[in-house]
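>>> Mind folding the following:
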Amino acid sequence: MTDPRQTPRDVMEYDVLIVGAGPSGLSCAIKLKQLAQAQNKELSVCVIEKGSEVGAHLMSGAVLEPRALEELFPNWRDLEAPLKVSVTKDHFIFMTKTRAWRLPTPPPMNNHGNYIISLGYFGKWLAGQAEALGVEIYPGFAAAELLSDETGHITGVATGDVGIGKNGEPTDRFARGVELKAKQTVFAEGCRGSLTKILFERFHLRKDIDPQTFGLGIKEIWEIDPTKHQEGFVQHTIGWPMDTATYGGSWLYHWENNLVSIGFVVGLDYENPYLSPFEEFQRFKQHPLIRNLLQGGKRISYGARALSEGGYQSIPRLTFPGGLLIGDAAGFLNVPKIKGNHTAMKSGIVAAEALFDHITQGNASPEVIDYRARLEKSWLWKELFCVRNIRPSFRWGLWVGLFYSAMDTILFRGRAPWTFGNHADNKQTKPATDFEKIAYPKPDGVISFDRLTSVFLSNTNHEEDQPAHLKLRNPAVAIDVNLDLYDSPESRYCPAAVYEIVRDADGKNPRLQINAQNCVHCKTCDIKDPTQNIDWCVPEGGGGPNYQGM
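The predicted structure follows:
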């Protein structure tokens, strides 16, 4: 009997293929179509998205700076973009365990003219605008494989086969993946994309570039007592529960309809393997300032996502034969602003302009795409250059980081004659013997919660009978190194209870159990694993969280 995995895949061909329906990918698609219409050109553009629908995997704080949106749609208000809540005031607060002091708001965190939004709703709106222009969008299409020609040039991607059982054999629901080919492929996978990671290695895009550094953002949406709600109020905190050596802080945004977005970011360069970002967030909510706000309210959503924090000095080479990188796949987050959606959109716009000229002028050589040169002349490049030293300065601790950041912003105005370097997060983890275990309080089920209860609110779902999309390069390392040396840090840094050490009844024979069905696609394991032994790969299309309004 013929193996169905050997049957040819259907092929779809386009001028431009975009992998990822986030703000960068959709902005790129929209701009391409706008340029084509303005010049009466035919240009086929396709966007594929691994989530079950556009927005299902989108999560951000989020306060949106509308600068790039204004460039894309000067009439966005007439088009009923979901920007309804303008920021009315900013608070920047330093916290101890029981007290809070308001500090002057740093200039990059001034949100005058910005809007509190749901990135998921905004992504759906962008998708609607793109489709109205003729862009083809296919949710549930998980790009699993790079396609290339005999010269090594990228020619597109293939989606994964569906209906492969845990045993690796086709089931009765098997369906072959699809090949999507294009003159140029744009990778907008977001932070730590699985194919982007392969591109870095294949084309040496990170050679002589500082390592990317990351943070893990964990978010909840609460419906609070109307008497406590202040629509348009933005609050950020530093300090407790982080120690002064660990980078981290919170946000709290009063959105519409008595909803607040509350979250916590922990820099993934922390040293203590006993630290749990999820538990730190739950502990943070017990601070009197936060608990008093949430008391009497209801938690309605939960999610987690890694974000690229390296900034200017960690931007990789952006083009390669047959394609380019945009958005958080390339690392355009402005950390001091705590914003990356406007820069992601701008990178998509600039990429579209470069791609359109390249394709319509009939250039055959991929090397002539001047995407990076155009970026370097844009406000995005200047913005990231001026804040390049702020995040790295916190390697010397909270107080030095705050002092330097103030000096860099006010005195040097971002033009200091030096650039601090970044380091690889996984290499910062120290042995468990250097630390004591952290005694996190048990969740009370009112303000703080456990991870499995939280994952339930993310609407995460994966087809159970499929191979795990979290793969160990060497299973023995999980015990011989991670457990023996670091006391299994993956069981704590994962915000979805994917990893756990299980033993026989006598407490012997430890082994790592991977509960892949819990995965919210945050990518933290792929980033923070000390030996880089974990590879995050795409599961079947449509799997993962199904965020609503995140």
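>>> surely residue 311 meets residue 335?
Yes: between residue 311 and residue 335 there is a contact under CB atoms under 8 Å: 6.1 Å. The way it works is simple: take the backbone N, C-alpha and C, and place the C-beta from them, glycine included.
>>> Next, show the common contact partners of those two.
Common neighbours of residue 311 and residue 335 (criterion: CB atoms under 8 Å, 6 or more residues apart in numbering): 387, 391.
>>> Sketch out the low-pLDDT regions of the protein for me.
The chain contains residues with pLDDT under 70 at 1, 363-368.
>>> Longest helix in the protein, by number of residues?
The longest helix of the chain (DSSP state H) is helix 341-360.
>>> Counting by contacts, list what the helix or strand following that helix packs against.
Per DSSP states H and E, the first helix or strand lying C-terminal to helix 341-360 is helix 371-376. Applying 3 or more CB pairs under 8 Å, 6 or more residues apart in numbering; DSSP states H and E, we find helix 371-376 packed against helix 341-360.
>>> distance between the helix it packs on and the chain's centre?
How far helix 341-360 lies from its chain's middle: 20 Å, per CA atoms, centre = their mean, to the nearest Å.
>>> Can you list the buried residues in it?
Buried residues in helix 341-360, counted by 16 or more other CB atoms under 10 Å: 341-356, 358-359.
>>> and if you look at stretch 496-508?
Going by neighbour count (16+ other CB under 10 Å), the buried part of stretch 496-508 is 496-499, 501.
>>> Can you flag which of the residues you listed belong to helices?
When DSSP H is applied, the buried residues of stretch 496-508 are split such that none fall in helices.
>>> could I get these as a markdown table with distance to residue 373?
Below are the buried residues of stretch 496-508 laid out as a markdown table (distance: CB to CB, whole Å):
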| residue | distance to residue 373 |
| --- | --- |
| 496 | 41 |
| 497 | 46 |
| 498 | 42 |
| 499 | 43 |
| 501 | 50 |
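>>> So which of those belong to strands?
Those of the buried residues of stretch 496-508 mapping onto strands are 499, 501, per DSSP state E.
>>> For stretch 59-66, list the C-alpha coordinates in CSV.
Taking C-alpha atoms only, stretch 59-66 is exported to CSV below (Å, rounded to 0.1, in the frame of the first residue of the first chain):
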residue,chain,number,x,y,z
MET,A,59,-1.1,38.9,22.6
SER,A,60,0.3,42.2,23.7
GLY,A,61,-0.2,44.7,26.5
ALA,A,62,-1.2,46.8,24.6
VAL,A,63,-0.8,50.5,24.2
LEU,A,64,-0.5,51.4,20.5
GLU,A,65,1.4,54.4,19.2
PRO,A,66,-0.5,55.1,16.0
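>>> Can you name the residues in contact with that stretch?
The contact list for stretch 59-66, computed with CB under 8 Å, 6+ apart, reads 76, 83, 87, 111, 113-120, 122, 217, 219, 234, 251, 253, 261, 263, 303-305, 337-342, 547, 550.
>>> Report all helices and strands that the longest helix of the chain contacts.
For helix 341-360, the elements it packs on are strand 10-19, helix 23-38, helix 67-72, strand 178-187, strand 323-325, helix 371-376, helix 379-386, judged by 3+ CB pairs under 8 Å, 6+ apart.
>>> among the ones you listed, which is the most enclosed?
Ranked by mean neighbour count under mean count of other CB atoms under 10 Å, the helices and strands packed on helix 341-360 are led by strand 323-325, which reaches a mean of 28.
>>> Tell me where the stretch 351-500 of the chain has helices.
Assigned by DSSP state H, counting those that start in this stretch, the stretch 351-500 of the chain shows helices spanning 371-376, 379-386, 390-393, 398-410, 451-457, 477, 484-486, 490-493.
>>> Same list (those helices) but as CSV, adding distance to residue 31.
Rendered in CSV, the data for the helices of the stretch 351-500 of the chain read as follows (distance: least, CB to CB, whole Å):
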stretch, distance to residue 31
helix 371-376, 12
helix 379-386, 14
helix 390-393, 29
helix 398-410, 32
helix 451-457, 35
helix 477, 44
helix 484-486, 45
helix 490-493, 37
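>>> Which among these is found nearest to residue 158?
For the helices of the stretch 351-500 of the chain, the distance to residue 158 is smallest for helix 371-376, at 24.4 Å, taking CB to CB.
>>> what about the closest one, distance to the chain center?
Worked out by CA atoms, centre = their mean, helix 371-376 lies 23 Å from the chain centre.
>>> Dump it to PDB, restricted to CA.
Extracted in PDB, the C-alpha atoms of helix 371-376 (Å, rounded to 0.1, in the frame of the first residue of the first chain):
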ATOM      1  CA  TYR A 371      15.100  46.700   2.600                       C
ATOM      2  CA  ARG A 372      17.700  47.300   5.300                       C
ATOM      3  CA  ALA A 373      19.000  50.500   3.600                       C
ATOM      4  CA  ARG A 374      15.500  51.900   3.600                       C
ATOM      5  CA  LEU A 375      15.000  50.900   7.200                       C
ATOM      6  CA  GLU A 376      18.200  52.700   8.200                       C
END
